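Asker: Give me a 3D structure for the following:
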Amino acid sequence: MKSILDPGDEVLVVEPCFVANAAAVEMAGGVPVVVPTSVEHEFQVTGADLEARITPRTRAILMSYPNNPTGAVLTPEHMAQVAAVAEKYDLLVISDEIYERLVYGVEHICFATLPGMKERTVVMSGMSKSYAMTGWRIGYALAPEPIIAAMKKLHSYLIMSAPTMSQFASIQALEHGEDDVAQMRDAYDTRRRFLVERFNAMGLTCFEPRGAFYTFPSIVSTGWTDEDFCERLLLEDRVAVIPGSAFGESGCGFIRASYSSSDENIFRAIERMERFMQRHGLRHAVPTL
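Answerer: Predicted coordinates:
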């Protein structure tokens, strides 16, 4: 953001999104302009959504697909709409693709591979999700050379380097980790389908995620806010989920539940949630495993 923005420049931030996205724009002196998406449209951003919020100060579009927290994957049709808007208004597209290897029943398409987008896209990714290296702090960016040059200049003053051991671990992951990635993706897929089915059965309507490792069920039927639901569930039954509102206003009324934990912990958590719902008269319990 510091490489591409002047003070007051606007960035269209597609929501729901990772909590740091809008803050990163603000810290660079820019102005985040929220572009909401909804479960009714499977959290797909459209060209019309973006175009309605463009001003003479708009500099870039920031989007994250596969998405955290929803698990949505942008369809080729909607990707083409975003590309058309970027070209029409001469915008950069900052495409966070950190979950690119974790998709289910669909194919991930790198945004920069779309016609005409290579020279106006910054792709961000890393090792944390695809290769289970969270905490090793290895990421990377792909962008036109002038942007990369500016990023490298800033990077040299802000961060010395990524840890050496993490760099060697990344080489091993890239050269020898494909079987592990496939095994992990299959395990996530099984958990994904299990959680979606159980959430729907207990009355928490759940959009089917196609990427990442999160489910994003609605808790509107309970009559509680997402923050109240999460706090009560944590204090009463020791199950931790995240309020959807933490990911922007578009996430209000949802909770984010990760399926990156073990099968055993996921089964235990869902059974506790079912008891929690029954105890509060929100839903009759469904049979446990």
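Asker: center of this protein, which residue is that?
Answerer: residue 68 (1.9 Å; Cα atoms, centre = their mean).
Asker: ok, now how distant is that one from residue 43?
Answerer: Taking Cβ to Cβ, to the nearest Å as the criterion, residue 68 is separated from residue 43 by 11 Å. For glycine as for every other residue, the C-beta is placed from the backbone atoms N, C-alpha and C.
Asker: Residue 181 too?
Answerer: Per Cβ to Cβ, residue 181 is found 25 Å from residue 43.
Asker: again with residue 107
Answerer: 18 Å.
Asker: residues in contact with the spatially closest residue to residue 260 that is not a sequence neighbour?
Answerer: Nearest residue to residue 260, sequence neighbours excluded (Cβ to Cβ, 6 or more residues apart in numbering): residue 213, at 4.6 Å. Residues near residue 213 by Cβ atoms under 8 Å, 6 or more residues apart in numbering: 71, 99, 102, 129, 188, 191, 192, 258, 259, 260.
Asker: does the last one really touch residue 184, like I thought?
Answerer: No: counting by Cβ atoms under 8 Å, no contact exists between residue 260 and residue 184, whose distance comes to 9.3 Å.
Asker: More neighbours: those two, which one.
Answerer: A direct count of neighbours by other Cβ atoms under 10 Å for residue 260 and residue 184 places residue 184 higher, at 19 against 16.
Asker: Surely that one is within a helix?
Answerer: Yes: counting by DSSP: H, G, I helix; E, B strand; the rest coil, residue 184 is found in a helix.
Asker: Show me the helices in the stretch 51-200 of the chain, by range?
Answerer: Per DSSP state H, counting those that start in this stretch, the stretch 51-200 of the chain carries helices over the ranges 76-88, 145-158, 164-176, 178-201.
Asker: rewinding a little: of all the contacts of residue 213, which comes closest to residue 227?
Answerer: Set against residue 227, the nearest of these by Cβ to Cβ is residue 258 (17.8 Å).
Asker: Bridging across strands, which residues link to the closest one?
Answerer: Beta-bridge partners recorded for residue 258 (DSSP bridges): residue 214.
Asker: Counting neighbours, what do you get for it?
Answerer: Neighbours of residue 258 under the rule other Cβ under 10 Å: 18.
Asker: quick one: it from residue 195, how far?
Answerer: Between residue 258 and residue 195 the computed distance is 10 Å (Cβ to Cβ).
Asker: follow-up on the earlier one: between the helices of the stretch 51-200 of the chain, which one is closest to residue 237.
Answerer: Ranking those by proximity to residue 237 (Cβ to Cβ) places helix 178-201 first, at 14.9 Å.
Asker: Downstream of that closest one, the next helix or strand is which one?
Answerer: As assigned by DSSP states H and E, the chain's next helix or strand after helix 178-201 is strand 206-207.
Asker: Direction included, what does that next one pair up with?
Answerer: strand 214-217 (antiparallel).
Asker: Stretch 7-17 - what's its average pLDDT?
Answerer: For stretch 7-17, the mean per-residue pLDDT is 98.
Asker: what are the C-alpha coordinates of the stretch of helix or strand residue 25 belongs to, in PDB please?
Answerer: Element membership for residue 25 (DSSP H and E) is helix 20-27. This file holds the C-alpha atoms of helix 20-27, laid out as PDB (Å, rounded to 0.1, in the frame of the first residue of the first chain):
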ATOM      1  CA  ALA A  20      -6.100  -6.000   8.400                       C
ATOM      2  CA  ASN A  21      -7.200  -5.100   4.900                       C
ATOM      3  CA  ALA A  22      -8.800  -1.800   5.500                       C
ATOM      4  CA  ALA A  23      -6.300  -0.900   8.200                       C
ATOM      5  CA  ALA A  24      -3.400  -1.500   5.800                       C
ATOM      6  CA  VAL A  25      -4.900   1.100   3.500                       C
ATOM      7  CA  GLU A  26      -5.400   3.600   6.300                       C
ATOM      8  CA  MET A  27      -1.800   3.100   7.600                       C
END
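Asker: Perfect, I'm done here.
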